[in-house]
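Student: fold the following.
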Amino acid sequence: MIGRLISSAVLAAWIVPASASAQQDLSGLYECQEEIITGDRLECYDRVVEALRSEALKASAQPPAPPTADPPSGATAPLSEAEPVAAATASPAPVVAAAPAPRRATEPNRLVRAVTAVTRDAAGKVLVELDNGQIWRQIDDVNLVRTLRRDTIEEAELRRTRFGAIWIKLDGGRAFKARRAN
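Tutor: Below is the predicted model of the structure:
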């Protein structure tokens, strides 16, 4: 993922010409840099680089030169001296970056849901079914004997850590690491 990010930045630097007006075109990249969630930041960079690439391709696509009198076979057409000068002085069309999409609402790091069932699978891992139909399976080796002895378990607190792991705490008992089973 970091390789894609670096290659996107290198590609953007290659596409965008180094001039004073090009600094304005980099505003999309600067906005992407402010994204907090890594996946969203990468999507933003991909959008900006794709927009820059398409604009550069549009700018480089020149209409074909009007046909001139056909030279005799075997002879090459002479080049006028005005053509290279015009090509050298023509400025490329400005590259305009597309505005990044509005930020999505970030997912909550903590969620409390009602529990409909708590069971164990064949390996002895806890399965928790929530009121919205989600089933979560324990993936660590935390002993939950005291928590599961209760007559009823009413709620589960799901907490997402910084690196994306999900921890579940049943009715304020001991937390365990879990993964979606369905």
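
Student: need the contact list for Val118.
Tutor: By CB atoms under 8 Å, 6 or more residues apart in numbering, the residues touching Val118 are Val126, Leu127, Val128, Glu129, Leu148, Ile153, Leu170. C-betas here are computed from N, CA, C, even on glycine.

Student: now stretch 155-175: buried residues?
Tutor: Across stretch 155-175, burial judged by 16 or more other CB atoms under 10 Å covers Ala156, Glu157, Leu158, Ile166, Trp167, Ile168, Lys169, Leu170, Gly173, Ala175.

Student: which of those sits closest to Glu55?
Tutor: Ile166 (41.2 Å; CB to CB).

Student: if I look at the closest one, how far off is Arg137?
Tutor: 11 Å (CB to CB, to the nearest Å).

Student: so where's the protein uncertain?
Tutor: Within the chain, the set of residues satisfying pLDDT under 70 comprises 1-25, 62-107.

Student: swap the cut-off to 80 and go again
Tutor: 1-30, 33-41, 56, 59-108, 146-151 (pLDDT under 80).

Student: where exactly do the strands run in it?
Tutor: Remark: strands assigned in the chain by DSSP state E are 110-120, 126-130, 135-138, 155-160, 166-170, 175-180.

Student: and of these, who's closest to Ser54?
Tutor: That would be strand 155-160 among the strands of the chain, by CB to CB, at 35.8 Å.
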